[in-house]
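1. From the sequence below, what's the structure:
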Amino acid sequence: MLRKRVLIAHPYVHPSGGGNAVAAWAIEALCKEFDVTLATLGPVDCSAVNRSFGTSLRAGEFAVEVAPRSYQIALRALPTPGALLQVCCTMRWAQELDSRAHFDVLLGTQNELDFGRPGLQYVHYPWVFLPRPKGEYRWYHRIPGLLTAYRGICQSVAHISNEGMRRNLSLANSGFVADRIRQVHGTGSVILHPPVPGEFPNIPWESRRTAAVAVGRMHGVKRWEMAVAIVDQVRRRGVDFGLTLISHADDPGYGKRIAALAESRPWFRILSNVTRAQLVEEIAHHRYGIHTMEDEHFGIAVAEILRAGAIPFVHNSGGPVEIVGGRPELCFNSVREAAGKIAAVLASPPLQQELHQFAQNRRDCFSAENFCRGLRNLVGNFEEYRLAS
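-> Next up is the predicted model:
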């Protein structure tokens, strides 16, 4: 029996970033059962990707079709990196490849695409949706008319239409994003949580630090100063409570401001440039987690905290609320509310054990195995899912 031929479209499979992790695990999930070709804008370093994401990709298990030089020239014409133009160039390249070989299933792993015919699209946050999240805006986005003109150029490059995107079966990374897709496209989605790889050690509760861990890039959109303020207020209640921030450089100026907060707070640790093994070990040695970003699309850091058996406290918005099962004890809207809820859990050993067990029971919902199984099923039965949607 001939194996289905699958074309995966993704701009660059680099060894960092949640979208790239999804692309890497999509290849991993499909290349054993299907003939997989990757349409991309640059080469793939399988060893680096495997070290970062826990995949086991090998050259030769899937084909890599890198877009020709003319695409690189078009991308370099912009004075600053344009994520949407990268997506649209990848889309155009995938269309070209499909016109030559006509693949059985087309899959995009970086938001909506228009292949010219129905396919699958994994949506982290719909790029058509306006207004954009605050964290995406840069100074040049505030120039009147510039964003509209840029989007028009990108759409013309990719021969894209809203109708073409609506033909696809959308895979949403969370219920929050599925709602955004419904608002902007008027279509339903299949929710497929992104993969959180790795085995987290089962550290006994009594051996864990009475502290919260926070994970994410060093950028103002993450609002780490709010996490510090929350722990400050918990400590004012007479509780010995600490905070560990595991981060990587993004905004140097913001990083200096957060580092200054740590200088006057011996209970506040900042860890940078840790390996995946160190990250897993560090999270698993904490009892709690804090995530302060507003309207996070999914919140893979929250899923990592939960998979480690720690109790995550999250801002009451976006995908993290879904990760913690909507439990009101774990969701907050303000510094004061968060501090009160953390203090209440710290004062109640029975509630700690209940929430710890709750986290343990939900850990497999966000595993890499669960993602791979779900994606193989969707690709293998694509026509049935599309007709039913």
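2. Can you give me the buried ones in stretch 7-16?
-> Neighbour counts over stretch 7-16 (16 or more other CB atoms under 10 Å) mark L7, I8, A9, H10, P11, Y12, V13, H14, P15 as buried. Using the backbone N, CA and C atoms, a C-beta is placed for each residue, glycine as well.
3. Please report the distance of the fourth one from I305.
-> Spelled out, that is H10. 27 Å (CB to CB, to the nearest Å).
4. Also the first one?
-> Spatial separation of L7 from I305 under the definition CB to CB is 35 Å.
5. Could you do the second one as well?
-> If you measure I8 against I305 using CB to CB, the figure is 29 Å.
6. same deal with the last one?
-> P15 sits 22 Å away from I305, taking CB to CB as the criterion.
7. Ok, M226 next?
-> The value you get for M226 to I305, if CB to CB is used, is 17 Å.
8. Between those two, which has more neighbouring residues?
-> I305 (32 against 17; other CB atoms under 10 Å).
9. Using the three-state scheme, assign that one.
-> helix (DSSP: H, G, I helix; E, B strand; the rest coil).
10. Compute the number of surrounding residues for the closest residue to it other than its chain neighbours.
-> Nearest residue to I305 in three dimensions, chain neighbours excluded: G289, at 3.4 Å (CB to CB, 6 or more residues apart in numbering). By other CB under 10 Å, 27 other residues sit near G289.
11. residues of the helix or strand hosting G289 that come out buried?
-> Assigned by DSSP states H and E, G289 belongs to strand 286-291. Neighbour-count burial for strand 286-291 flags H286, R287, Y288, G289, I290, H291 (criterion: 16+ other CB under 10 Å).
12. Spatially, which two of these are the most separated?
-> R287 and H291 (15.1 Å; CB to CB).
13. Do you have the strands of the stretch 251-389 of the chain handy? List them.
-> Along the stretch 251-389 of the chain, counting by DSSP state E, counting those that start in this stretch, strands occupy 268-272, 286-291, 311-315, 331-332.
14. Strand partners (parallel or antiparallel) of the shortest one?
-> When you say that, I think you mean strand 331-332. strand 311-315 (parallel) (DSSP bridges).
15. how far out from the middle of the chain is the partner strand?
-> Averaging C-alpha positions (CA atoms, centre = their mean, to the nearest Å) puts strand 311-315 17 Å from its chain's average.
16. Can you show me the helices along the stretch 51-200 of the chain?
-> 69-76, 83-101, 146-158, 162-166, 175-185 (DSSP state H, counting those that start in this stretch).
17. I'd like to know which of the ones you listed lies nearest to V49.
-> helix 83-101 (17.1 Å).
18. Mind listing residues that contact the closest one?
-> By CB atoms under 8 Å, 6 or more residues apart in numbering, the residues outside helix 83-101 that reach it are 5, 7, 9-12, 37, 39-41, 65, 67, 71, 74-75, 78, 103, 106, 108, 110-111, 113-117, 127, 150-151, 153-155, 157-160.
19. returning to that earlier point: could you give the average pLDDT over the strand holding G289?
-> What strand 286-291 shows for mean pLDDT is 98.
20. what angle separates it from strand 311-315?
-> 10 degrees (axes from the mean of the first three to the mean of the last three CA atoms, to 10 degrees).
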